[in-house]
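**Student:** with the input below, show me the fold.
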Amino acid sequence: MSHTAVVIVCLPKATATDQLAATAIARLASATPLGTASLAGHFPVATRLRRRSLVQPWHDTAAGGPVRLLDLDAMRASARNASWYRWHIWQHVVEGTRPAQPYWHFLDRHRDDPARYSLAKAQRQYLAQPRIAAMRTYNALPNKVLTVPTGDLEAFQTGPHAYAHLGALAAVPATGMLTIDGRYLTTNSGRHADRLSYLDSAQAELTKLHTRDHLVALATS
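**Tutor:** Predicted coordinates for the structure are as follows:
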């Protein structure tokens, strides 16, 4: 099964507006082994004016454009509020269960001693944790309010404020970023610490951008 992710490509202000999409796709292809890429409507826009400067504008969103025309602050605020709400749903779902270990904890044990601790056992013991079982049970409900992703277990367990801040941090950079100088930033680890390291680096790159520099969002698989 293919996995789709959103990657943000940073482009200098001198990039021609009508070449933003093609340039972003070409740069990503030359810098990473990622598969096919297409435009993704990732950004809310700050104005209805100068829409010709945007990439694939549609109603109040766009796949990219100059930083000054993308409403990144609103994007972060919306993501923070959504994460705050998701945490409180999660808290009700797992109420009464003990903190759980993330999957990588069991996977590391398997890798350290595969002969004595099989992958099947690692998976079985991870899934047997009451908190994980509670989350999976809720996610299976046909009328659930939203999904509480098991991959966010570590982040959920840091508390509501930290989880909400994480949502804000992840709103713009998504799952990967190609910096304006051609470096590809991401994390292929499920560890919360590694995800935070990626987001910290991505935020540092965003703060360096000129308001006339461009961001383009690409869906990759």
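**Student:** wait, Ala40 touches Ile8, no?
**Tutor:** No: with contact defined as Cβ atoms under 8 Å, Ala40 does not count as touching Ile8 (9.3 Å). C-betas here are computed from N, CA, C, even on glycine.
**Student:** and the longest helix for this protein?
**Tutor:** helix 72-94 (DSSP state H).
**Student:** quick check: closest non-adjacent residue to the most centrally placed residue in the chain.
**Tutor:** Most central in the chain under Cα atoms, centre = their mean is Ala174, positioned 3.5 Å from the mean C-alpha point. The shortest distance from Ala174 to any residue other than its chain neighbours is 3.9 Å, reached at Val6 (Cβ to Cβ, 6 or more residues apart in numbering).
**Student:** quick check: the one you found is in a helix.
**Tutor:** No: according to DSSP: H, G, I helix; E, B strand; the rest coil, Val6 belongs to no helix; its state is strand.
**Student:** residue contacts, it?
**Tutor:** Ala40, His42, Ala174, Thr175, Gly176, Ala217, Leu218, Ala219, Thr220 (Cβ atoms under 8 Å, 6 or more residues apart in numbering).
**Student:** most surrounded residue in those?
**Tutor:** Neighbour counts for these, by other Cβ atoms under 10 Å, peak at Leu218, which reaches 27 neighbours.
**Student:** quick revisit: which SS class is the residue nearest to the centre of the chain?
**Tutor:** coil.
**Student:** next one: Pro44
**Tutor:** On the basis of three-state DSSP, Pro44 is classed as strand.
**Student:** what about the nearest residue to it once chain neighbours are set aside, neighbour count?
**Tutor:** Excluding the flanking residues, the one nearest Pro44 by Cβ to Cβ, 6+ apart is Asp71, at 4.6 Å. Residues contacting Asp71 under the criterion other Cβ under 10 Å number 18.
**Student:** now Asp71: phi and psi?
**Tutor:** Torsion angles at Asp71 (phi, psi; degrees, to the nearest 10) stand at phi -90, psi 70.
**Student:** tell me how far it lies from Ala46.
**Tutor:** Using Cβ to Cβ, to the nearest Å, Asp71 is found at 4 Å from Ala46.
**Student:** now the strands for this protein?
**Tutor:** For the chain, the strands defined by DSSP state E cover 5-11, 37-39, 43-44, 61-62, 64-66, 176-178, 184-186, 214-220.
**Student:** what's the offset of the longest helix of the chain from the middle of its chain?
**Tutor:** Relative to its chain's centre, helix 72-94 lies at 14 Å (Cα atoms, centre = their mean, to the nearest Å).
**Student:** what is it packed up against?
**Tutor:** When contacts are defined as 3 or more Cβ pairs under 8 Å, 6 or more residues apart in numbering; DSSP states H and E, helix 72-94 packs onto strand 43-44, helix 130-139, helix 153-156, helix 160-171.
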